[in-house]
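J.: Coordinates for the following, if possible.
(one chain, ligands or ions: 2)
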Amino acid sequence: MKNIEKLGNFTVHDAPKYEDILQCMRCGFCLPTCPTFSLTGRERSSPRGRVALARAVSEGKLEFNQAMKEEAFFCLDCRACTTACPSGVQAGSLMEICRAQADQQQPLPKWQAGFRDFILKKMLPNPDLLETSMLPARLYQKLGIQWLVRHSKLLKLGPKWIDKAEGMMPELHQPLRQNLPHLSSATSEKRGTVAFFLGCVMTLMYAEVSRQTVRVLNHQGFDVITPKAQKCCGAPHMTEGDRETTRQLAQHNLDLFLGLDVDAIVTDCAGCGAALKEYEELLEEQEDHQRLKKFHSKIKDISEFLIEVGIHTEGLKPVNKFVTYHEPCHLCHAQGISKQPRDLIKSIPGVEFREMKEANWCCGSAATFSLKFTEASQKILDRKLDNVKNTEAEVLVTSNPGCHLQLDWGLREAEMAQPVLHLSELLGEATPD
Ligand code: SF4
Ligand code: SF4
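T.: Ligands and ions are numbered 1, 2, ... in the order given. A predicted model of the protein is given here:
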């Protein structure tokens, strides 16, 4: 480590940009929007406090110590502070970079690092291996072992995160990637061709969502190309501070999708969409800027895409339900997409939309946050569930697999009756065969 040049006490490799840190003018507008500040009341767990910590490390006034590492990982990366910040400070992204620093300066014990690297560097970049790894989980459900485990309450005796991880597991189906045709043709008058970015968590946990996305796009007049060679978007790697593997995955996906002659690259996963849109910045030192711009301009969330091209509502079946909507942070704060999903929900005949209070407040999922900080995550989730309850809606719609898992689990634990649906599933319900 001693030979590495430092920016203050950051190592040069993947260090935050000092000019970004300096943008914070300490106004505090971000404070009421930050879930971890709201929970703890601690300045260091606020966006302003986190930026101040990074600044102190940058200026050599603070070692990159355990407290800095803790705050980097305790940040939900929900980006609510960025939406609120008049200076455009990106405290969440800054904390992502600090996680990469933690990897260099405060590394995990060897066995933990080995396990993490196996998941990040071997499993996630290899879709075939990832899909095969789900087989034991599917057998666990199919053979009734899950039923026994849940009814015995055995897992309540162990660490909370194991009980929660098991409880969050939805009913698993055959992986969809290999079964989707390369080309799914439009089923109404053709309006264009799109590529579909599946997203590993979405398609492994919620294969039906991916299926409905293709069906809805086909019904709306779009040919859908699903390239089998696509890989993880890199969001989990970014979250864990492994920026090198993120870059490799980004380069692979960029080359693959830019090789297709399509009008747009559509995803139904808010987290993937945000990560794909951030390739422009991630690869700025190794890729041609025109190619990065072109790729960025083609990435569309399903809601963004359908509103841009204009959804055809004639012929849609009525869905006579009261519906509310939870905004995934990586859709509303990271991509600025807030109105489009609501407009789509309201466009479905029969739907009565019920706005919930604090719809854009995080649900407490935030990748592995919900398992690493189970108590904090539960408190954030409870606030969300109260807001859902107050709408008296029959259906809760969202559009990110992490939120979907967390909300589904939370509603079941709270014995609330609302099903959680992805926006594509709701649109799919209205789409005739
Ligand atoms: S991060 Fe932005 S909103 Fe928060 S204190 Fe700094 S300048 Fe103000
Ligand atoms: S990204 Fe979210 S949790 Fe992190 S500092 Fe900003 S508001 Fe707080």
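J.: so where's this protein uncertain?
T.: 1-6 (pLDDT under 70).
J.: Tell me which residue lies nearest the centroid of it.
T.: A centroid search over the chain (Cα atoms, centre = their mean) returns residue 271, at 2.6 Å, as the residue closest to the centre.
J.: ok, now how distant is it from residue 245?
T.: Going from residue 271 to residue 245 by Cβ to Cβ, to the nearest Å gives 16 Å. For every residue, glycine as well, the C-beta is placed using N, CA and C.
J.: list the helices and strands the biggest strand by length in the chain packs on?
T.: Secondary structure of the chain per DSSP state E: the longest strand is strand 192-197. If you count contacts as 3 or more Cβ pairs under 8 Å, 6 or more residues apart in numbering; DSSP states H and E, strand 192-197 packs onto helix 207-219, strand 222-225, helix 243-258, strand 264-267.
J.: Would the longest helix seen in the chain count as contacting ligand 2?
T.: If you go by DSSP state H, the chain has its longest helix at helix 374-391. No. On the criterion Cβ under 6 Å from any ligand atom, helix 374-391 is out of touch with ligand 2, staying 9.7 Å away.
J.: what helices or strands is that helix leaning on?
T.: helix 35-40, helix 160-168, strand 322-325, helix 369-372, helix 401-413.
J.: relative orientation of that helix and helix 160-168 in degrees?
T.: Put simply, helix 374-391 runs at 40 degrees to helix 160-168, going by axes from the mean of the first three to the mean of the last three Cα atoms, to 10 degrees.
J.: Restrict helix 374-391 to CA atoms and write it as CSV.
T.: Provided in CSV are the C-alpha atoms of helix 374-391 (Å, rounded to 0.1, in the frame of the first residue of the first chain):
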residue,chain,number,x,y,z
THR,A,374,-31.9,-5.7,9.4
GLU,A,375,-33.1,-3.4,12.2
ALA,A,376,-32.6,-0.1,10.4
SER,A,377,-34.1,-1.6,7.3
GLN,A,378,-37.2,-2.8,9.2
LYS,A,379,-37.8,0.7,10.6
ILE,A,380,-37.6,2.2,7.1
LEU,A,381,-39.9,-0.5,5.8
ASP,A,382,-42.4,0.1,8.6
ARG,A,383,-42.7,3.7,7.6
LYS,A,384,-43.4,2.6,4.0
LEU,A,385,-46.0,0.0,5.0
ASP,A,386,-47.9,2.6,7.1
ASN,A,387,-48.1,4.8,4.1
VAL,A,388,-49.3,1.9,1.9
LYS,A,389,-51.9,1.0,4.5
ASN,A,390,-53.3,4.6,4.6
THR,A,391,-54.1,4.5,0.9
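J.: Please name the residues that touch residue 391.
T.: Listed by Cβ atoms under 8 Å, 6 or more residues apart in numbering, the contact set of residue 391 reads 322, 324, 354, 355, 356.
J.: Scan those residues and report the most crowded one.
T.: residue 324 (24 neighbours; other Cβ atoms under 10 Å).
J.: surely that one meets residue 353?
T.: Yes. Between residue 324 and residue 353 a contact is recorded at 7.5 Å, counting by Cβ atoms under 8 Å.
J.: and the protein, which residues reach ligand 2?
T.: Going by Cβ under 6 Å from any ligand atom, the residues of the chain near ligand 2 are 33-36, 47, 50, 75-81, 91-92.
J.: Out of those residues, which comes closest to ligand 1?
T.: Distance to ligand 1, by Cβ to the nearest ligand atom, is smallest for residue 47 among these, at 4.7 Å.
J.: number of nearby residues for the closest one?
T.: By other Cβ under 10 Å, neighbour count at residue 47 equals 29.
J.: Please report phi then psi for it.
T.: phi -60, psi -50 (degrees, to the nearest 10).
J.: What of residue 300?
T.: phi -140, psi 130.
J.: Show me what it bridges to in the sheet.
T.: Going by DSSP bridges, residue 300 is paired in beta bridges with residue 266.
J.: do residue 324 as well
T.: residue 396.
J.: Could you give the number of residues near residue 360?
T.: Neighbours around residue 360, by other Cβ under 10 Å: 18.
J.: what's near enough to touch it?
T.: 80, 83, 327, 329, 332, 333, 338.
J.: list the contacts for the first one?
T.: Contact analysis of residue 80 by Cβ under 8 Å, 6+ apart lists 30, 33, 34, 35, 329, 333, 360, 361, 362.
J.: how about a cut-off of 6 Å?
T.: 33, 333 (Cβ atoms under 6 Å, 6 or more residues apart in numbering).
J.: circling back to that earlier point, filter the residues of the chain next to ligand 2 down to the ones in helices?
T.: Per DSSP H, the subset of the residues of the chain next to ligand 2 in helices is 35, 36, 47, 50, 80, 81, 91, 92.
J.: is it true that the last one touches residue 76?
T.: This means residue 92. No. At 7.6 Å, residue 92 does not count as touching residue 76 under the criterion of Cβ atoms under 6 Å.
J.: Name the residues of the chain found near ligand 1, please.
T.: So the chain meets ligand 1 at 24-30, 47-48, 51, 81, 84-85, 87, 89, 91 (Cβ under 6 Å from any ligand atom).
J.: Highest neighbour count among the residues you listed?
T.: residue 47 (29 neighbours).
J.: so it touches residue 91, yeah?
T.: Yes. Between residue 47 and residue 91 there is a contact under Cβ under 6 Å: 3.8 Å.
J.: Please report how far the residue nearest to residue 365 when sequence neighbours are not counted lies from residue 388.
T.: Counting by Cβ to Cβ, 6 or more residues apart in numbering, residue 365 lies nearest to residue 406, which is 3.6 Å off, once chain neighbours are set aside. Distance of residue 406 to residue 388, given as Cβ to Cβ: 12 Å.
J.: These two: which has the busier surroundings?
T.: More crowded of residue 406 and residue 388, by other Cβ under 10 Å: residue 406, with 27 against 24.
J.: Was I right to think that one contacts residue 368?
T.: No. Contact between residue 406 and residue 368 fails when scored by Cβ under 6 Å: they sit 11.6 Å apart.
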